[in-house]
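> sequence isn't available, so here's the structure alone:
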């Protein structure tokens with residue numbers, strides 16, 4: 001099993017940037033595909049970005065393509081989400097998640113979750 005802890009949320013003005021970090025502990029980090037989800041009030045949780053076990057493959061939701069970048073360092077047991085050109089509609093609780101399957105681009109594949117971190121983008 002893997003334990004996940006997110007860092008880096010906060011309040012930022014529209015057009016600004018934030019970098020979220022997720023530190024993993026437990027079983028071998030490189031055995032997990034990693035993803036970032038978000039959930040805004042009254043909305044369903046959505047997969048925003050994901051990265052394969054090796055880091056070679058990535059997935060982005062259309063709403064964040066060109067603005068967000070996911071990356072990982074298996075030696076540091078960490079995955080990041082760099083968020084640029086933030087918009088008020090990016091406001092949500094962001095969750096780090098892990099999947100032990102190779103289907104890292106499927107929201108339903110994720111079984112392990114962090115506690116979430118709030119991102120608020122003001123207009």
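Structure received. Since the model is a prediction, treat every value here as computed from it, not as a measurement.

> all strands for this protein, in order.
Defined through DSSP state E, the strands belonging to the chain, from first to last, are 2-7, 10-13, 18-26, 33-39, 46-51, 58-60, 68-73, 78-83, 92-99, 112-113, 117-122.

> in TSV: these, plus mean pLDDT, distance to residue 106 and mean neighbour count.
The C-beta positions use only the backbone N, C-alpha and C, and glycine is treated the same way. Putting these into TSV (pLDDT from 0 to 100; distance: least, CB to CB, whole Å; neighbours: other CB atoms under 10 Å) gives the following:
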stretch	mean pLDDT	distance to residue 106	mean neighbour count
strand 2-7	95	18	17
strand 10-13	98	29	12
strand 18-26	95	19	18
strand 33-39	98	9	24
strand 46-51	98	8	22
strand 58-60	97	9	17
strand 68-73	98	15	18
strand 78-83	98	17	22
strand 92-99	98	8	24
strand 112-113	96	15	17
strand 117-122	98	23	17
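
> reformat those as TSV; add distance to residue 105.
As requested, the strands of the chain are exported to TSV (distance: least, CB to CB, whole Å):
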stretch	distance to residue 105
strand 2-7	19
strand 10-13	27
strand 18-26	18
strand 33-39	8
strand 46-51	6
strand 58-60	4
strand 68-73	11
strand 78-83	15
strand 92-99	10
strand 112-113	17
strand 117-122	22
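
> centroid-nearest residue for the protein?
Among the residues of the chain, the one closest to the centroid is residue 36, at 2.0 Å (CA atoms, centre = their mean).

> contacts only, for it.
Going by CB atoms under 8 Å, 6 or more residues apart in numbering, residue 36 touches 20, 22, 47-50, 70, 79, 81, 94-97.

> which one is the residue sitting furthest away from the middle of the chain nearest to, not counting chain neighbours?
Each residue of the chain has a distance to the centre, and by CA atoms, centre = their mean the biggest one is for residue 123: 22.6 Å. With CB to CB, 6 or more residues apart in numbering as the measure, residue 88 is the residue that lies nearest to residue 123, at 4.7 Å, once sequence neighbours are left out.

> from residue 97, how far off is that neighbour?
The gap separating residue 88 from residue 97 is 24 Å, by CB to CB, to the nearest Å.

> likewise residue 83?
Here residue 83 is placed at a distance of 17 Å from residue 97 (CB to CB).
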